[in-house]
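>>> With the sequence up front, the predicted model follows.
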Amino acid sequence: MAKIFFDTNILVYTVDKKDREKTRTSREIIKSVTQNHSPVLSTQILQEFYNATTSKLKIDKIVAKNLVHNFRNMEIVVIDLIMIEQAIDISILFQLSFWDSLVVEAAEQANCSYLISEDLNSGQRIRGIEIVNPFEKEDIFFK
């Protein structure tokens, strides 16, 4: 069973009503991964999700807290100092933003095979993790 890491944007699209196609795709992917694979998040992703849903989408804070609570059955990687240092190295070596590098580092720490994100280059492999942008092409792997 593959371990698959979700970036924040995929989670946010599940509750964002502005783009129905991205909402549909994100919900399908999360459902499929949850049923057929091992979904993984990090504390960074949960914090960014809460912030994005309350500030950008204007979702009520208690509702957003309940949405965060719904991710409790997924593996959660806790960010620590060593991971931050590794993310700095990744950002230098791969010329990524620090925050994207921290996502990659968390996925690596959890031994994920895939990282689902629209912020990175789909098909790229970073430290053995394949980046998948589900909005560029629908990948039957996640169905």
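Sure, I can see it.
>>> Strands of this protein, residue ranges please.
Ranges of strands in the chain, per DSSP state E, are 3-6, 38-42, 75-77, 114-116, 125-126, 129-132.
>>> Just give me the longest helix of the chain.
helix 20-36 (DSSP state H).
>>> the inter-axis angle of it versus strand 38-42?
If you take axes from the mean of the first three to the mean of the last three C-alpha atoms, to 10 degrees, helix 20-36 sits at 120 degrees to strand 38-42.
>>> Would you mind writing the CA trace of helix 20-36 as PDB?
Extracted C-alpha coordinates of helix 20-36, given in PDB (Å, rounded to 0.1, in the frame of the first residue of the first chain):
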ATOM      1  CA  ARG A  20     -16.100  22.900  -9.100                       C
ATOM      2  CA  GLU A  21     -13.800  20.800 -11.200                       C
ATOM      3  CA  LYS A  22     -10.900  21.100  -8.700                       C
ATOM      4  CA  THR A  23     -13.300  20.500  -5.800                       C
ATOM      5  CA  ARG A  24     -14.600  17.300  -7.500                       C
ATOM      6  CA  THR A  25     -11.100  16.100  -8.400                       C
ATOM      7  CA  SER A  26      -9.700  16.800  -4.900                       C
ATOM      8  CA  ARG A  27     -12.600  15.000  -3.200                       C
ATOM      9  CA  GLU A  28     -12.300  12.000  -5.500                       C
ATOM     10  CA  ILE A  29      -8.500  11.700  -4.900                       C
ATOM     11  CA  ILE A  30      -8.800  12.000  -1.100                       C
ATOM     12  CA  LYS A  31     -11.600   9.400  -1.000                       C
ATOM     13  CA  SER A  32      -9.600   7.000  -3.300                       C
ATOM     14  CA  VAL A  33      -6.300   7.500  -1.400                       C
ATOM     15  CA  THR A  34      -8.000   7.100   2.000                       C
ATOM     16  CA  GLN A  35      -9.700   3.800   0.800                       C
ATOM     17  CA  ASN A  36      -6.800   2.300  -1.100                       C
END
